[in-house]
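> Okay, sequence plus prediction incoming.
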Amino acid sequence: MFCATYFWFERLQVKQLQKIFLYPDIFYSGLLKADVKGLTFKHTAIHLSWKNFKEGYDNPDDKINLGLHELAHALKFDLEDELGFDSHFANYIDDWQRISEKEYNELANEVPSFLRSYGGANREEFFAVCVEHFFEAPEAFEDELPDIYNHLCFLLQQNPQNTTSDYLLTPTFLEKIKANEELIPLKPKTRIHHLRESFYGLSLLMFVSGLVIGVPVYLYYSEMLLTENGFFKAVAIPVFIFGLLQSVFFKIRGFNNMGYFVAYNFIGFVFLTLSLFVIVNYSIREKKTATRLHKIRLIDLEVVEGRGTGKYILTLEKNELINYIDVRTFSKSEVGDITHSQMENSEIFMVLHLSKGFWGIDNVLSKRLIQIGANNSYR
Ligand SMILES: [Zn+2]
């Protein structure tokens, strides 16, 4: 039976378990105010009575195994947030619970079963008791409750009866279940995406790439866009809502602690999508360009917290482009020697060189200031 436990670790990962505490015998739990054989704490540790742990393996077929029982609790505890869990297990546990629902309800109502009555205490104990039976009496389990057994094989990625080839789930095993019309078929393939090993991992990846790539790219390119005011209504809000729907979808799929997912996925998803949007608009643009002239009413040094930033912000006539501060911002060298008095004597224009992008939004290809003296402006 140590083999089975070994494969348990090999095929599935209990990710958040940090420590296992061993006690010589049954010990007192202050939390439960009772003597216990074993206890599993979420995200941290399993506490075991060594005597009872050993008994589990001394009697390999009595369907009682403390070590497997507590490990089963730890595996399920992992699913309670996105800090790390086995993705295959997470993706299939709901299916397995659905398939075993009827048996659980009967056991909870004290209907005699192949499974130990303690499994009727709650859903967690039911799973842990099933795991004990699975490793200690697989043949009888399959005979008595074939669907629960078969799907548990799939859930735990192993068949304890396949002693000749590494306890693996063979194609023959899957075929056999599919061929028997009385059984609920298993999924044809086991798919494990290592990249998506956990939602925490996926969310973190999205968050970091959004922060490192999405946000800077978006800010850089959006400076060169004349997005008009409809941009946020037409693009940003739908992207935001789509991100929210994803989160709701994953929540429905049974993943808890939405907070992580929303925060990580939103920064990531929203900004990666928006940055893609602006890159496409800039890269795939019309060859035809247009030039626009805007008369300037005022040039003012940008002041932040009482100190000049070295940048100048233009105010255009009729407050044109009022929402596009980036387009109206110029460096000292771009402003050159234009002074307020010069502005009174001549006319200053901002020249924008534009081309329409893929999404129909104007890209600012270049911008500069020109000065037309009062004497020659109407030549
Ligand atoms: Zn238990």
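Yes, it's here. Being a predicted model, the structure only gives us computed values, none of them experimental. Numbers count the residues shown, from 1 in each chain.
> going forward, measure contacts between C-alpha atoms and count neighbours the same way
Noted.
> In the sheet, which strands lie alongside the helix or strand containing residue 302, parallel or antiparallel?
Following DSSP states H and E, the helix or strand that holds residue 302 is strand 285-304. Using DSSP bridges, the strands paired with strand 285-304 in its sheet are strand 307-316 (antiparallel), strand 346-357 (antiparallel).
> Check which element follows the first one along the chain.
Using DSSP H and E, the helix or strand that follows strand 307-316 towards the C-terminus is strand 329-331.
> Can you list the buried residues in that following strand?
329-330 (16 or more other Cα atoms under 10 Å).
> partner strands of that strand, parallel or antiparallel?
strand 307-316 (antiparallel).
> returning to that earlier point: list the buried residues in the strand holding residue 302.
For strand 285-304, by 16+ other Cα under 10 Å, it's 285-286, 294-297, 299, 301-302.
> tell me the two of those that are most distant?
Farthest-apart pair in these is 286 and 301; separation 34.5 Å (Cα to Cα).
> before we move on, the earlier item: burial-wise, tell me which of the strands paired with strand 285-304 comes out on top.
Greatest average neighbour count among the strands paired with strand 285-304 goes to strand 346-357 (a mean of 19), per mean count of other Cα atoms under 10 Å.
> what about it, distance to the chain center?
Centroid separation between strand 346-357 and its chain, computed with Cα atoms, centre = their mean, to the nearest Å, is 43 Å.
> how about the nearest residue to residue 316 once chain neighbours are set aside, what does it touch?
Leaving aside its sequence neighbours, residue 316 sits nearest to residue 296 (Cα to Cα, 6 or more residues apart in numbering; 4.4 Å). By Cα atoms under 8 Å, 6 or more residues apart in numbering, residue 296 lies in contact with 314-317, 347-350.
> Show me which of those residues is closest to residue 325.
Closest to residue 325 out of the contacts of residue 296 is residue 314 (8.5 Å), distances taken as Cα to Cα.
> now the closest one, nearest residue through space, not along the chain?
Using Cα to Cα, 6+ apart, the closest residue to residue 314 is residue 299 (4.6 Å).
> In contact with that neighbour: list those residues for me.
Going by Cα under 8 Å, 6+ apart, the list of residues near residue 299 reads 312-315, 340.
> do that again at 7 Å, thanks
Residue 299 makes contact with 312-315, according to Cα atoms under 7 Å, 6 or more residues apart in numbering.
> any idea how far it is from residue 219?
For residue 299, the distance to residue 219 (Cα to Cα, to the nearest Å) stands at 24 Å.
> May I have the secondary structure class of residue 39?
Per DSSP: H, G, I helix; E, B strand; the rest coil, the secondary structure class of residue 39 is strand.
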